[in-house]
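Asks: Got a sequence here, can you model it:
(2 chains)
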2 protein chains.
Amino acid sequence: MQNKIEALIDKHMSTLSATKVSLSSISSEELWQRSGRLEGRDSEFLRLQDRKGAKYLLSPTHEEEITEIVASSVKSYKDLPLRLYQVTRKYRDEARPRQGLLRGREFLMKDLYTFDVTEEEARATYDQVRKAYSAFLDELNLPYLVANADSGSMGGNLSHEYHLASANGEDNIISCKKCDYSTNEELYSGTLGSHELSQPDSSLKGRDINSILTSTPFLSKDKTALFNIITPKDSGPLNTHLLKKLHPTIDTTLEAPFKTWSALNTKNPTRPRTETQVLDGRLAHLPLSNPTGPTVTHHKTALTSPSESSTCPSCLFPASLKVSTAIEIGHTFHLGTRYSVPLNAQVLSSSNKLAPISMGCHGIGVSRLLAAAAGLLMDAKGLNWPMKIAPFGAVVVAAPKTAEQDVLKVYDALALGSPGGALASASSSASSTTAPLDVAIDDRDRPLGWKLNDADLIGYPFIVVLGKAWKARGAVEVQCRRLGVKEEVTLEDLVEKLKGWEKQL
Amino acid sequence: MQNKIEALIDKHMSTLSATKVSLSSISSEELWQRSGRLEGRDSEFLRLQDRKGAKYLLSPTHEEEITEIVASSVKSYKDLPLRLYQVTRKYRDEARPRQGLLRGREFLMKDLYTFDVTEEEARATYDQVRKAYSAFLDELNLPYLVANADSGSMGGNLSHEYHLASANGEDNIISCKKCDYSTNEELYSGTLGSHELSQPDSSLKGRDINSILTSTPFLSKDKTALFNIITPKDSGPLNTHLLKKLHPTIDTTLEAPFKTWSALNTKNPTRPRTETQVLDGRLAHLPLSNPTGPTVTHHKTALTSPSESSTCPSCLFPASLKVSTAIEIGHTFHLGTRYSVPLNAQVLSSSNKLAPISMGCHGIGVSRLLAAAAGLLMDAKGLNWPMKIAPFGAVVVAAPKTAEQDVLKVYDALALGSPGGALASASSSASSTTAPLDVAIDDRDRPLGWKLNDADLIGYPFIVVLGKAWKARGAVEVQCRRLGVKEEVTLEDLVEKLKGWEKQL
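Replies: This next block holds a predicted model:
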């Protein structure tokens, strides 16, 4: 599978004229110091020293290394654009490695780095990569989401995440049913619609104010400030991503903030401290004064996490949001000059001026994609691989004592495409993206039922059985668990039939 | 190239029914402690700790990991034989990394591990692997040597090294022109022929004894013993590998042993010490008594390094040896139960008895092979890749202003095989080992000469030029630097012509 995904990636990278490279998994700390990414992220690195005491780290990503190489070999605007990618092992000392390949400390990643003369060209490159990513994911025939994303520590200000929709996903993707808004929950702004702002909710009138709101305390990291977050009752959990953005000093990890606050104040009653009341925009109309300190009202913002009843922050349509759990399998970043400036990667422009290269970086989690696809399609009987990454598109399984030449006849029909015409070449004439069908034969000396169970477990897209129907009528049984297919097919029709089903896998 | 070598390896591993796996580059120290390979080799490992302080190392090889996995999943003789291989990055903290990919601290290696029920079956497997290795190396069309090898720290007692003959090689391979003796110099036994033993060399008679022999001092590692190695004068440098085997306490690294010896004795004249005289077999007939201590005579052994005038230790034919410098690119080991016993990898035999699995391990240095092949075939103009691992078998280079459709016509003739018949399919019908010809087009906007120089530098096996002859007569010029070919060829003959030359590349 890994090879198949890599080959599929190679194919789509070639549409970008990207060249495949292979950088070392080991990088020197000194280089990361120069880019400013070593400090503050210490715990994420797996570090090592050689016999001379030189300091290295196992690279989680390769912006530094590739920029350094390009800086030393590219001199003129004529050498650009340049697109370099690799599929190599990366390392991150995860605090909580879990779910096998989904979040491991060693992972296989495709990383593409793009180098353009101008910001404008780099942004055009970014759009080309977006198209290549969509074309790649389309081929997998799996439900995926593209979300606007915070570029975080990578720099730049244009970024997208690619997700496979999955019930087990760790990410929440918020999208709008009415417009093309789609983002990671971490970036959801909580913008309220006018229907939520213009007038007081009549249902609140005359009720005890404490029955209509929830107050949640947080302390600042230095424990000198208390924040009481006031939201409408039953409006859902607080949006801690947003709170941290609005009030960066807030510590959302403390377990019993009010208890800590009281204990500190009892111990030192005169210590300097503030108590701030933070108001959800939906409560702006209520007469909520703060007896012990200032009130901050976020007039147009919900402080709770988005739900299906939330307003779309983009088109402002009420109750239009959809929340999908998903697994991130790709991430693209426009980097601009974030790395080319500190690492001195510059070219002479056509007007003979030195300028820093404008960069982008674009990842696909290869081992992650493998695990996500497995989790997405598996059922109680076993795995189900998407056709494009299945190690074999079909397995031929015969009842004991079936003549070997019969098995080979069926194998040839599938792999070479006779007698029904070449599956591979027929498919590839219809669409250049269809690869030949790789076929396996299970010739182990075991009962038919045992081998069929094993084939289900392994997850071949098609199981082709030479059983009773073969002996009686020379027909095979085609099984495709994913499509609910279990059908008797003559050898003549086999290739055409599979071609029809294949499109849905 | 790396992909091409890997694909070629995959092909030959499949002839062994070997399954491709991918183990982590990181291994736990605890596992290496259990196999007994952690102690004493400390300085070779690149080690690291995670955020919890757990101790890991970057694996230089994977016997421990794979044995552990097989031990936990294989229970019965019915599950064997099993052959597992991978092509992954390995690590070794080399004291002197040098010559780029030839001896780096990070390297790409193919490692195959074989698991059999009995020693006998494991040895049969070993022979199959030898055949697969030869078939693989035959395809590269490069001169290679197979040498008997010491299995060193790997255990077992059956081992071969695979070398590419190279003037820059670090290894000396000793082979016999008369029999099939072939070994690494490190294993050369120095066995003398009867012509060297039976009678005193008459030329020595009546001469000053010091004019016919050389004495070389060595100290023992604890510096309490002096060894005077006495060899015939002008018989070449001492064979230190052999000396260390015959006298394991000898320290061959000390720079001025006699000076050190004298200084120690002057400082402490009564310290316990011995002075041993060690005699080369060719001097056994001389009256050489040792006034200060014992004499050890190696009656049938030369203590000097082998040369073209040495006797073959196997067939004892005089002056029959050949010494070739070479680069090791593969190594096979029969391991027996070296790892299966300490790591508890055992199966129930057909007679229901638990027995340790008999193992083998078989490496190919992929990045090393790449560098060795490059070094072997390069000349002053650039690289020359063997056809089977060249990124492209041919490049089409056209003079400026050549019509694009002309270039594509030549490309199609090469890649698709028209009009002269399909090169790929014609070749593969002749031999199943021939892959299709991958063709590149250099369509960069540069002068023809510049592009031809660049093509020479890159090392395409064939350069197909659309130059003056194309404009005048519709003929291309085929260049093949390795074969000294520069020939005008019509489009009709092109494919057949290349097929002929290709066999020699």
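
Asks: gap between A:Leu38 and A:Asn453?
Replies: Note on A:Leu38: its distance to A:Asn453, by Cβ to Cβ, to the nearest Å, is 52 Å. Bear in mind the C-beta positions are built from the backbone N, C-alpha and C, glycine included.

Asks: quick one, which of these two is more surrounded?
Replies: Set A:Leu38 next to A:Asn453 and count neighbours by other Cβ atoms under 10 Å in any protein chain shown: A:Leu38 wins out with 18 against 14.

Asks: So that one: helix, strand or coil?
Replies: coil (DSSP: H, G, I helix; E, B strand; the rest coil).

Asks: nearest spatial neighbour of it, skipping sequence neighbours?
Replies: Using Cβ to Cβ, 6 or more residues apart in numbering or on different chains and skipping residues adjacent in sequence, the residue nearest A:Leu38 is A:Trp32, 4.1 Å away.

Asks: State the distance from that neighbour to chain B.
Replies: Counting by Cβ to the nearest Cβ, to the nearest Å, the separation of A:Trp32 from chain B is 16 Å.

Asks: Next: A:Asp138.
Replies: 25 Å.

Asks: go on, A:Asn344?
Replies: When A:Asn344 is compared with chain B (using Cβ to the nearest Cβ), they lie 25 Å apart.

Asks: How about A:Cys179?
Replies: 43 Å.

Asks: what does A:Ser305 give?
Replies: 30 Å.

Asks: again, but for A:Ile327
Replies: Taken as Cβ to the nearest Cβ, the span from A:Ile327 to chain B is 21 Å.

Asks: correct me, but A:Ala135 touches A:Thr15?
Replies: Yes. Using Cβ atoms under 8 Å, A:Ala135 makes contact with A:Thr15 at a distance of 7.2 Å.

Asks: residues near whichever residue of the stretch 251-400 of chain A sits closest to chain B, how many?
Replies: Minimum separation of the stretch 251-400 of chain A from chain B (Cβ to the nearest Cβ) falls at A:Ser367, amounting to 9.2 Å. By the criterion of other Cβ under 10 Å, A:Ser367 has 22 neighbours.

Asks: next one: the host helix or strand of it to chain centre, how far?
Replies: Secondary structure assigned from DSSP states H and E places A:Ser367 in helix A:366-377. In terms of Cα atoms, centre = their mean, to the nearest Å, the centre of helix A:366-377 is set 11 Å apart from its chain centre.

Asks: if I look at the closest residue to A:Leu377 other than its chain neighbours, how far off is A:Gln346?
Replies: Nearest-residue entry for A:Leu377: A:Asn384, 3.9 Å, with adjacent residues in sequence omitted and distances by Cβ to Cβ, 6+ apart. As for A:Asn384, its distance to A:Gln346 is 50 Å (criterion: Cβ to Cβ).

Asks: A:Leu137 now?
Replies: As defined by Cβ to Cβ, A:Leu137 lies at a distance of 34 Å from A:Gln346.

Asks: Tell me which of those two has more neighbours.
Replies: Between A:Leu137 and A:Gln346, A:Leu137 has the larger neighbour count (other Cβ under 10 Å), namely 22 against 17.

Asks: that's a helix at that one, yeah?
Replies: Yes. Checked against three-state DSSP, A:Leu137 lies within a helix.

Asks: confidence score at it?
Replies: A:Leu137 carries a pLDDT value of 96.

Asks: Identify the residues contacting it.
Replies: Counting by Cβ atoms under 8 Å, 6 or more residues apart in numbering or on different chains, A:Leu137 touches A:Tyr144, A:Tyr162, A:Gly330.

Asks: residue ranges with poor pLDDT in chain A?
Replies: Scanning chain A for pLDDT under 70 picks out A:41-42, A:150-156, A:198-207, A:418-436.

Asks: what residues does it put near chain B?
Replies: For chain A, the residues in contact with chain B (Cβ under 8 Å from any Cβ of the partner chain) are A:2-3, A:20, A:22, A:24-26, A:43, A:46-48, A:50-51, A:58, A:89, A:91, A:93, A:95, A:105-106.

Asks: neighbours of the residue nearest to A:Leu38, just the number please.
Replies: Per other Cβ under 10 Å, the neighbour tally for A:Trp32 reads 20.

Asks: and for the strand or helix carrying it, what are the contacting residues?
Replies: If you go by DSSP H and E, A:Trp32 is part of helix A:29-35. Residues from elsewhere that reach helix A:29-35, judged by Cβ under 8 Å, 6+ apart: A:38-39, A:47, A:55-57, A:63-65, A:67-68, A:339, A:342-343.

Asks: Alright, calling it a day.
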